[in-house]
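Colleague: I need the structure of the sequence given here:
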Amino acid sequence: MKYLILVGDGMGDYPISELDGKTVLEAARTPAMDELCRKGEFFLTNTVPEGFPPGSDVANMTLMGYDPARFYTGRAPLEAASMGIKLAEDEIVFRCNLVTLDLVNDQVTMRDFSAGHISNEEARELIASLEAVCSGDRFHFKPGISYRHLLVFKGKHPGFITVPPHDYIEKDVTEYWQRYLDSPGWSELVTRCGDILKNHPVNLERIKQGKNPATHIWLWGEGKMIDAPPLTERFCISGSMISAVDLLKGLGVIGDLDVINVPGATGYIDTNYEGKAEAATQSLKEQDFVFVHLEAPDEAGHQGSLSAKIQAIEDFDARIVSPITNELRSRKEDFRVIVTMDHFTPLSLRTHVSDPVPTLLYDSREKEAGSGKTFCEKNCLAHDAEKNNSINDGYTLINKLLEQN
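Modeller: Modelled structure (predicted):
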């Protein structure tokens, strides 16, 4: 038996007037997911426990079978795990975004949380410059992918509360920026980084090309390294993690899964879908389990782009769900697959919300009638009202998939 979890990050949404009251998922062409849903189980899963922020860190930790109430310490430690960074007892790691801020008089606005989805090559050059000039006994910069990087800090937590920049797109963030400026040592760090970035050749060239420059760093998602039991030991399985995002790769490392780095996997709408699907089917020739994560719908939601989100969902269906399941059928492999999302990223809000997410579970051995529903939020809500089969403790979803109580 093969087991799969296929995640379209941020696919969930609310009804949209331009789509005649349909959601993006409802309006998109998703024949593969619809077929699996009609023949399988359909239910809501609570991926964000009460009191937790509706981030991809909490939600995907839940989908991986880890109870955030027991194991969550922050987003950045998961990304550190993916990069092979070991933290000492007296060290904290922060997520370090390269962002575009507009500073006018005394007001700070978050123009772009991703610095125009800056390329890996440009970002690495910027982070290298920050490390060369701003690092020391307390601070060290670690390069990641595109706008996503890390800052390792030695010492006690500075005491200020951080916020994710993608929650404040085109909004006033003066209050949150001031928290850095009011903290000794941190004020000097963020100010100096801003000075370096302002005149860096990479940014001057981006401005020349009409792109958003990386004007500042934004620190958030901090925490210490987590200690959690590997999935391979808990469930006696072997498996792989396939994602372009360091957060998911870190969860794979913690779960003791093989983390497959697919060339051309970008975490955006231009990602290498075929490479991800091929990696998944190849890994399942020898292993029991694969977790495939696609970031593109979430990024489109943050951008507020209807066309990009529709394309991302349709590509997920046609280029991830369909080829993987069809290949397993052609091999005459028995398999159980979950298709879901970690959270909603509504276009109207451009950030995450904690609504329970539609989830389908298809078993290739099951011959009885399934839900009979197509895969969308409205159908799942109606089906749940009829069947009352929600999974409230989302971290138990993986037990259901693996047929282990």
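
Colleague: strands of the stretch 1-150 of the chain, start to end?
Modeller: Taking DSSP state E, counting those that start in this stretch as the criterion, the stretch 1-150 of the chain contains strands spanning 2-8, 41-45, 91-104, 107-112, 139-145, 148-154.

Colleague: mind checking which of those is nearest F289?
Modeller: Comparison of those against F289 by C-beta to C-beta identifies strand 2-8 as nearest, at 4.5 Å. Quick note: C-beta positions are derived from backbone N, CA and C, even for glycine.

Colleague: which residues touch the closest residue to E122 other than its chain neighbours?
Modeller: Using C-beta to C-beta, 6 or more residues apart in numbering and skipping residues adjacent in sequence, the residue nearest E122 is V202, 4.9 Å away. Residues in contact with V202 (C-beta atoms under 8 Å, 6 or more residues apart in numbering) are E122, E125, L126, A214.

Colleague: buried ones in stretch 368-382?
Modeller: Using 16 or more other C-beta atoms under 10 Å as the test for burial, stretch 368-382 gives G370, S371, K373, T374, F375, C376, E377, K378, N379, C380.

Colleague: gap between the two ends of it?
Modeller: 21 Å (C-alpha to C-alpha, to the nearest Å).

Colleague: go on, stretch 240-256?
Modeller: End-to-end span of stretch 240-256 (C-alpha to C-alpha): 9 Å.

Colleague: buried stuff in that stretch?
Modeller: Judged by neighbour count using 16+ other C-beta under 10 Å, the buried positions of stretch 240-256 are 240-255.

Colleague: so where do the strands sit in the stretch 201-350 of the chain?
Modeller: In the stretch 201-350 of the chain, the strands defined using DSSP E, counting those that start in this stretch lie at 216-223, 239-242, 258-260, 289-294, 335-340.

Colleague: any chance of JSON lines for these, columns distance to I207 and mean pLDDT?
Modeller: Converted to JSON lines, the strands of the stretch 201-350 of the chain look like this (distance: least, C-beta to C-beta, whole Å; pLDDT from 0 to 100):
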{"stretch": "strand 216-223", "distance to I207": "15", "mean pLDDT": "96"}
{"stretch": "strand 239-242", "distance to I207": "36", "mean pLDDT": "98"}
{"stretch": "strand 258-260", "distance to I207": "36", "mean pLDDT": "97"}
{"stretch": "strand 289-294", "distance to I207": "31", "mean pLDDT": "98"}
{"stretch": "strand 335-340", "distance to I207": "40", "mean pLDDT": "98"}
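
Colleague: and those strands, which is most packed in?
Modeller: strand 289-294 (a mean of 27; mean count of other C-beta atoms under 10 Å).

Colleague: pop the domain breakdown of this structure in here.
Modeller: 2-72+227-401, 91-223 (automatic domain parsing).

Colleague: thinking again about what came up before, if you rank the contacts of V202 by neighbours, which is first?
Modeller: A214 (29 neighbours; other C-beta atoms under 10 Å).

Colleague: how close does that residue get to V99?
Modeller: 7 Å (C-beta to C-beta, to the nearest Å).

Colleague: for S322, which non-adjacent residue is spatially closest?
Modeller: Excluding its sequence neighbours, the residue lying closest to S322 (C-beta to C-beta, 6+ apart) is A32, at 3.8 Å.

Colleague: please flag which of the contacts of V202 sit within helices.
Modeller: Members of the contacts of V202 lying in helices (criterion: DSSP state H): E122, E125, L126.

Colleague: rewinding a little: report the two of the contacts of V202 separated the most.
Modeller: Spatial extent of those (C-beta to C-beta) is set by the pair E125 and A214 at 10.3 Å.

Colleague: before we move on, back to that, want to try a markdown table for the strands of the stretch 201-350 of the chain, with distance to D172 as columns?
Modeller: Shown next, in a markdown table, are the strands of the stretch 201-350 of the chain (distance: least, C-beta to C-beta, whole Å):
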| stretch | distance to D172 |
| --- | --- |
| strand 216-223 | 14 |
| strand 239-242 | 37 |
| strand 258-260 | 38 |
| strand 289-294 | 32 |
| strand 335-340 | 34 |
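
Colleague: for D315, which of these is the nearest?
Modeller: Comparing those under C-beta to C-beta, the one sitting nearest is strand 289-294, at 8.1 Å.
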